[in-house]
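[1] after the sequence you'll find the predicted model.
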Amino acid sequence: MSKSTLQTKTSGPSEPSGANNATESTPLVAKQPDNDDECGGRGLSVEQTCVLIAGEMAGSGVLALPKALAKTGWIGVPLIVLICVIAAFSGKRLGDCWSILEARDPEMRTRKRNPYAIIVDQALGKKWSVVASIAIIVTLFGASVVCLLLAAQIIEAVMLAIAPSISPCLWYLIVVGAMTPLLFFGTPKDFHLMGLIAFGTSVLACILYFTQIMNEVTPYPTYRVGIHGFMDFFLAYGTIMFSFGGASTFPTIQNDMADKSKFGKSLQYSFMAVLILYLMIAVGGYAVYGERVLPNVAQNMAATPLTLTANVLMAIHLVSAFIIIINPVCQEMEELYNVPRDSVGWRMAIRLSIMAAILFIGESIPRFYTILALVGATSIALLTYILPSVCYLCLIDQPLREGQAPIETPSWRRMVCYEVIGLGIIGAVAATISALNAIFSTSMATPCYL
């Protein structure tokens with residue numbers, strides 16, 4: 001074949017490679033030129049993915065965990081470790097689900113805006129896919145509200161000496177307004193540096209917080225003795241579930257990786273780093289402050305340069321994590337309304353409406369701890385602790401098409417999947433009851449606009 005004939009066959013209008021030419025033996029991650037995808041890059045590396053995941057998770061939850069221990073007692077420490085292991089196991093199953101779909105359907109090897117919903121659709125059907133989409137929006141929307149509420153609370157503490165008359169409600173309005181222009185990033189590949197900023201500032205803030213906590217050690221802190229009440233225990237359970245509930249964004253981040261098969265490695269490193277930070281602050285905060293620890297442990301600390309610096313770093317982390325967390329909601333809504341990727345006007349309209357809703361919810365329920373527990377007990381429990389194992393079991397048991405190899409999975413993994421599903425359902429029901437009781441109790445904070 002001549003060179004000119006070869007050029008004719010390989011140029012001109014044709015179907016995208018991988019859409020029609022791929023077979024079951026085609027590698028899941030094809031080598032691509034530097035400018036091949038929609039965003040003009042090759043995709044996220046293992047390290048970038050690890051930092052994005054850790055940066056998203058290690059933030060708002062860490063400051064609430066000492067209060068969670070105050071509600072569970074020291075049994076909360078092994079509970080934190082257990083929920084971390086379960087969340088990591090579930091996240092790996094979610095990554096396996098996407099790998100299974102890519103192996104079975106070459107069309108899945110292209111960039112998708114709503115990969116989690118696609119996984120659920122392929123495993124459980126359209127109705128459950130809609131449920132998953134709604135849960136993703138609720139989860140990340142709630143997490144975004146928590147991030148900005150906590151950021152506003154921390155900024156208020158930092159600026160108290162300069163602007164003592166500005167209320168937390170007004171600070172929340174200012175933070176939401178300042179974050180709105182940063183909402184227009186496209187996909188995680190466009191802001192992978194946010195992950196580095198979010199994780200780096202979180203690590204530094206936790207080290208400074210821990211140092212300050214150790215400086216405030218008292219001889220005899222007060223601890224509750226005996227079994228804790230049902231409501232308190234499961235309110236804390238919902239908080240801990242929230243702290244490790246990053247699974248809603250995992251498929252979106254994995255879908256932007258250059259080599260999606262290495263997602264499990266990124267996940268492993270991320271959870272190890274996050275667990276170390278969580279245990280450091282949770283155990284240190286509860287050990288030093290005991291039962292008097294506040295929902296935001298930073299408010300227990302004396303106003304020192306260490307605390308001030310840590311607060312500034314944590315505020316930077318929260319606004320950076322917000323960008324990572326809210327992006328899948330934006331993409332999900334754009335997919336729902338069939339917004340073209342190049343339609344700047346419609347994308348702005350969708351994302352501005354999302355920010356307006358975040359502003360309304362935050363001003364209506366200005367207590368981040370109860371929102372955090374409710375989101376952790378409901379949508380996060382479904383997306384992080386129930387659906388990943390359910391989808392995985394369904395996909396590996398689906399009838400195979402011609403030419404597809406069966407997926408072998410060890411019996412212990414199946415058993416663990418069933419156990420994770422059971423724990424997720426029981427914990428979700430109990431924690432939801434506790435969180436709703438806390439929200440609608442007589443001590444509920446008055447909405448800002450009232």
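    Good, I have the coordinates.
[2] residue 87: what's it in contact with?
    244, 245, 246, 247, 271, 384, 385 (C-beta atoms under 8 Å, 6 or more residues apart in numbering). Just so you know, the C-beta spots here come from the backbone N, C-alpha and C atoms, and that holds for glycine as well.
[3] among the residues you listed, which pair sits farthest apart?
    271 and 385 (14.0 Å; C-beta to C-beta).
[4] state the distance from the residue nearest to residue 56 when sequence neighbours are not counted to residue 249.
    Closest residue to residue 56 apart from its sequence neighbours, by C-beta to C-beta, 6 or more residues apart in numbering: residue 324 at 4.6 Å. Using C-beta to C-beta, to the nearest Å, residue 324 is found at 7 Å from residue 249.
[5] which helix or strand in this structure has the lowest average pLDDT?
    helix 3-10 (a mean of 41; mean pLDDT, DSSP states H and E).
[6] more crowded one of residue 271 and residue 385?
    residue 385 (27 against 23; other C-beta atoms under 10 Å).
[7] now for the closest residue to the more buried one other than its chain neighbours: which residues touch it?
    The shortest distance from residue 385 to any non-neighbouring residue, by C-beta to C-beta, 6+ apart, is to residue 424 (3.3 Å). Residues counted as contacts of residue 424 (C-beta under 8 Å, 6+ apart) are 86, 381, 382, 384, 385, 386.
[8] try it again with 10 Å
    86, 90, 241, 380-390 (C-beta atoms under 10 Å, 6 or more residues apart in numbering).
[9] could you do residue 154 as well?
    Neighbours of residue 154 in contact, by C-beta under 10 Å, 6+ apart: 63, 171, 175, 205, 296, 298-299, 310-318.
[10] drop anything exposed from those.
    Listed as buried from the contacts of residue 154 are 63, 171, 175, 205, 296, 298, 310-318; burial here means 16 or more other C-beta atoms under 10 Å.
[11] tell me how far the residue lying closest to residue 182 once chain neighbours are set aside lies from residue 363.
    Closest residue to residue 182 apart from its sequence neighbours, by C-beta to C-beta, 6+ apart: residue 323 at 5.5 Å. In this view, residue 323 and residue 363 are 21 Å apart by C-beta to C-beta.
[12] cool, residue 118 as well?
    34 Å.
[13] do residue 127 as well
    Residue 127 is 34 Å from residue 363, by C-beta to C-beta.
[14] neighbour-wise, which of these two wins?
    The neighbour comparison of residue 127 against residue 363 (other C-beta under 10 Å) goes to residue 363, with 19 against 10.
[15] what about the one helix or strand that one maps to, average pLDDT?
    Using DSSP states H and E, residue 363 sits in helix 344-364. Averaged across helix 344-364, pLDDT comes to 85.
[16] check contacts around the residue nearest to the spatial centre of the chain.
    For the chain, the residue nearest the mean C-alpha position is residue 246 (2.7 Å; C-alpha atoms, centre = their mean). Residue 246 sits next to 52-58, 61, 87, 91, 139-140, 143, 253, 267, 270-271, 274, 321, 324-325, 380, 383-384 when contact means C-beta under 10 Å, 6+ apart.
[17] tell me how far it lies from residue 49.
    From residue 246 to residue 49 the distance is 12 Å (C-beta to C-beta).
[18] low-confidence regions, the stretch 351-450 of the chain specifically.
    Along the stretch 351-450 of the chain, the model assigns pLDDT under 70 to residues 366-369, 402-405, 441-445, 450.
[19] switch the cut-off to 90
    Residue ranges of the stretch 351-450 of the chain with pLDDT under 90: 351-355, 357-381, 383-385, 396-410, 423-424, 426-450.
[20] so where does residue 69 fall, helix or strand?
    Going by DSSP H and E, residue 69 is in helix 60-72.
[21] angle of the next helix or strand after that helix against helix 60-72?
    Proceeding N to C from helix 60-72, the next assigned helix or strand is helix 76-104, under DSSP H and E. Helix 76-104 runs at 140 degrees relative to helix 60-72, counting by axes from the mean of the first three to the mean of the last three C-alpha atoms, to 10 degrees.
[22] which of the contacts of residue 154 lies closest to residue 356?
    residue 175 (14.3 Å).
[23] with adjacent residues omitted, what lies nearest to that closest one?
    residue 152 (4.8 Å).
[24] tell me the confidence at that neighbour?
    87.
[25] what's the angle between the helix or strand where it lies and helix 60-72?
    Using DSSP H and E, residue 152 maps to helix 126-158. Per the same axes, to 10 degrees, the angle that helix 126-158 makes with helix 60-72 is 90 degrees.
[26] for helix 126-158, which positions count as buried?
    So for helix 126-158, counting by 16+ other C-beta under 10 Å, buried means 128-129, 131-133, 135-158.
[27] and for stretch 386-404?
    386, 387, 388, 389, 390, 391, 392, 393, 394, 395, 396.
[28] stretch 349-365 too?
    350, 351, 354, 355, 358, 359, 361, 362, 363, 365.
[29] same deal with stretch 161-180?
    166, 168, 169, 171, 172, 173, 175, 176, 179, 180.
[30] tell me which element the fifth one is part of?
    Assessed by DSSP H and E, residue 172 sits inside helix 168-179.
[31] please work out the average pLDDT along that helix.
    87.
[32] so which bits of the following helix or strand past it are buried?
    Moving toward the C-terminus from helix 168-179, the next helix or strand (DSSP H and E) is helix 192-215. Within helix 192-215, the residues that qualify as buried are 192, 194-210, 212-213, counting by 16+ other C-beta under 10 Å.
[33] what's helix 192-215 packed up against?
    helix 46-57, helix 60-72, helix 263-289, helix 305-336 (3 or more C-beta pairs under 10 Å, 6 or more residues apart in numbering; DSSP states H and E).
[34] which among the ones you listed is found nearest to residue 433?
    Comparing these by C-beta to C-beta, helix 60-72 comes nearest, at 14.5 Å.
[35] dump that closest one to CSV, keeping only the CA atoms.
    Extracted in CSV, the C-alpha atoms of helix 60-72 (Å, rounded to 0.1, in the frame of the first residue of the first chain):
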residue,chain,number,x,y,z
SER,A,60,-15.0,19.8,57.0
GLY,A,61,-15.2,16.4,58.6
VAL,A,62,-11.9,16.7,60.5
LEU,A,63,-13.0,19.6,62.7
ALA,A,64,-16.3,17.8,63.6
LEU,A,65,-14.8,14.4,64.5
PRO,A,66,-13.7,15.4,68.1
LYS,A,67,-17.4,16.2,68.8
ALA,A,68,-18.4,12.9,67.3
LEU,A,69,-16.1,11.1,69.8
ALA,A,70,-17.7,13.1,72.6
LYS,A,71,-21.0,11.5,71.5
THR,A,72,-19.7,7.9,71.1
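[36] ok, residue 205 - contacts?
    By C-beta under 10 Å, 6+ apart, the neighbours of residue 205 are 58-59, 62-63, 154, 277, 281, 298, 309-318.
[37] and if we set it to 8 Å?
    Contacts of residue 205 by C-beta under 8 Å, 6+ apart are 310, 311, 313, 314, 317.
[38] any idea how far residue 62 is from it?
    Residue 205 is 9 Å from residue 62, by C-beta to C-beta.
[39] I appreciate the help and will end here.
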